[in-house]
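A.B. asks: Generate a structure from the sequence data that follows.
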Amino acid sequence: MENLFQRLQSFTGSGQESLFLWGARQTGKSTLLKTLFPKAILFDLLLSEEYEKLNKRPSIIREMVAASDKIDLIIIDEIQRMPTLLNEVHWLIVNKGIRFILSGSSSRKILRSDVNLLGGRALRYELYPLVSSEIPNFNLLRALNNGLLPRHYLADNANRLLAAYIGNYLQDELIREAQIRNMNVFSKFLHAAAFSNGEMVNYSNIATDIGISAHTVKSYFQIMEETLIGRFVPVYQKKPKRRVIQAPKFYFFDVGIVNHLLKRGLIAEKSESFGHAFEHFIYQEIYAHSHYSGAEYSISYWRTASQIEVDFILGENEVALEVKSTDTVSSRHLQGIKAFMEEYTVKKSIIICTESSPRLVKGILILPWQDFLNRLWSGQII
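C.D. replies: Model prediction:
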């Protein structure tokens, strides 16, 4: 399976397209690009002197190219801080054949600014938190407690790192970027959104809890999505026989962020917190796999008005997944998937759990989570 690392490595060859590489802060974009392209010219717009230099004279990049015939690749990190620089980038791509990698933590400013979007001349990639296949001796409990941002996963105690991340980035930077005036209200919203993580989103209920309008709550969720801090999982509703719930679910981009916002404390096996975090972790894995593999399959969930639910539907009812934090899957755990199989033709139906061995029950494959992840990343699930 071709992963993002391999796809970026192929970018070292000549004649490749320019690209955008997006990802939330501390997913490792800068480290990855410096490792893969050590000889590229790099502009880091987080550095004040670099930012001021280019802000005053964007033409510096063009002048550097004019002075050398050896420049092939230019990396501009945190491009969202200076969207107008894309005019220079566009000119150099078209007229000089220079390739660019433009990385950043949010495309929101660029998409909302009336600026040059390079006329479709740049591919788009995203970098997510670490996935299990990237980590030697992967530790599930460490991942569920610390999250999967590289620094956080590796830390012996990630609480301080998570607190700093939420305070310095999730609150301060999002407030600046979205020009939110009431910091206290937005902080309350972040905590309310964490309580809604993995659940159906009800804008009105959240609005009532924190004392703002449902329209404002919806706009805050949109900001979270545009800045890559979270994403919606829509309802699967392809010609349903049963009446289905319409509200989407929402997941933060990393389970560690939710843990800290909810003050979950230490997550141990068989606890209620373990179950919620376990489902969130599996979502992170399948979402990253969908994009890293190039398969780009959709992810949705299914829930009827009578409360029958399947956690994740991959593609056009190709795979139905239920996540159960149990080491003994019983008949009651099969009910949601069995109901979905009665309504749709499903290629694979899987329950991911903490049992020790795979087994097949009434056409439903029961897989230990390790087995599922091995099959997922080796291309055997979808």
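A.B. asks: Break the chain down into its structural domains.
C.D. replies: 4-126, 132-377 (automatic domain parsing).
A.B. asks: where among the ones you listed is the average confidence lowest?
C.D. replies: Mean pLDDT per stretch puts domain 4-126 lowest among these, at a mean of 86.
A.B. asks: quick one: it to chain centroid distance?
C.D. replies: 21 Å (C-alpha atoms, centre = their mean, to the nearest Å).
A.B. asks: residue nearest the centroid of the protein?
C.D. replies: Phe253 (4.5 Å; C-alpha atoms, centre = their mean).
A.B. asks: Please tell me how far the residue of the chain most remote from its centre sits from Ile60.
C.D. replies: Relative to the C-alpha centroid of the chain, counting by C-alpha atoms, centre = their mean, Ala67 is the outermost residue, at 39.8 Å. Here the criterion is C-beta to C-beta, to the nearest Å. By it, Ala67 lies 11 Å from Ile60. Placement of C-beta: from N, CA and C, glycine included.
A.B. asks: Ile282 too?
C.D. replies: In terms of C-beta to C-beta, Ile282 sits 46 Å off from Ile60.
A.B. asks: neighbour count winner among those two?
C.D. replies: Ile282 (21 against 13; other C-beta atoms under 10 Å).
A.B. asks: My reading is that that one is in a strand; is that accurate?
C.D. replies: No: Ile282 is assigned helix when assessed by DSSP: H, G, I helix; E, B strand; the rest coil, not a strand.
A.B. asks: Contact partners for the closest residue to it other than its chain neighbours?
C.D. replies: Spatial nearest neighbour of Ile282, excluding adjacent residues (C-beta to C-beta, 6 or more residues apart in numbering): Val323 at 5.0 Å. By C-beta atoms under 8 Å, 6 or more residues apart in numbering, the contact set of Val323 is Phe278, Glu279, Ile282, Asp311, Phe312, Ile351, Ile352, Cys353.
A.B. asks: in the sheet, who's paired with Val323?
C.D. replies: Ile352 (DSSP bridges).
A.B. asks: Tell me how far it lies from Asn145.
C.D. replies: Taking C-beta to C-beta, one finds Val323 at 18 Å from Asn145.
A.B. asks: ok, now Thr326?
C.D. replies: With C-beta to C-beta as the criterion, Thr326 and Asn145 are 20 Å apart.
A.B. asks: ok, these two, which is more surrounded?
C.D. replies: A direct count of neighbours by other C-beta under 10 Å for Thr326 and Asn145 places Asn145 higher, at 25 against 13.
A.B. asks: May I ask which helix or strand encompasses the more buried one?
C.D. replies: Assigned by DSSP states H and E, Asn145 belongs to helix 140-146.
A.B. asks: Near Leu8, how many other residues are there?
C.D. replies: Neighbour tally, Leu8, other C-beta under 10 Å: 19.
A.B. asks: Wait, a helix at it?
C.D. replies: Yes: Leu8: assigned to a helix according to three-state DSSP.
A.B. asks: Quick check, it in contact with Thr35.
C.D. replies: No: in this structure, Leu8 is not within contact of Thr35 by C-beta atoms under 8 Å, at 9.8 Å.
A.B. asks: Please put the alpha-carbon coordinates of stretch 281-291 into CSV.
C.D. replies: Written as CSV, here are the backbone C-alpha positions of stretch 281-291 (Å, rounded to 0.1, in the frame of the first residue of the first chain):
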residue,chain,number,x,y,z
PHE,A,281,-9.1,5.8,18.1
ILE,A,282,-10.5,3.4,15.5
TYR,A,283,-12.1,6.4,13.7
GLN,A,284,-8.7,8.1,13.5
GLU,A,285,-7.2,5.0,12.0
ILE,A,286,-9.8,4.5,9.3
TYR,A,287,-10.0,8.2,8.4
ALA,A,288,-6.2,8.3,8.0
HIS,A,289,-6.2,5.1,6.0
SER,A,290,-8.9,6.3,3.6
HIS,A,291,-6.7,9.2,2.6
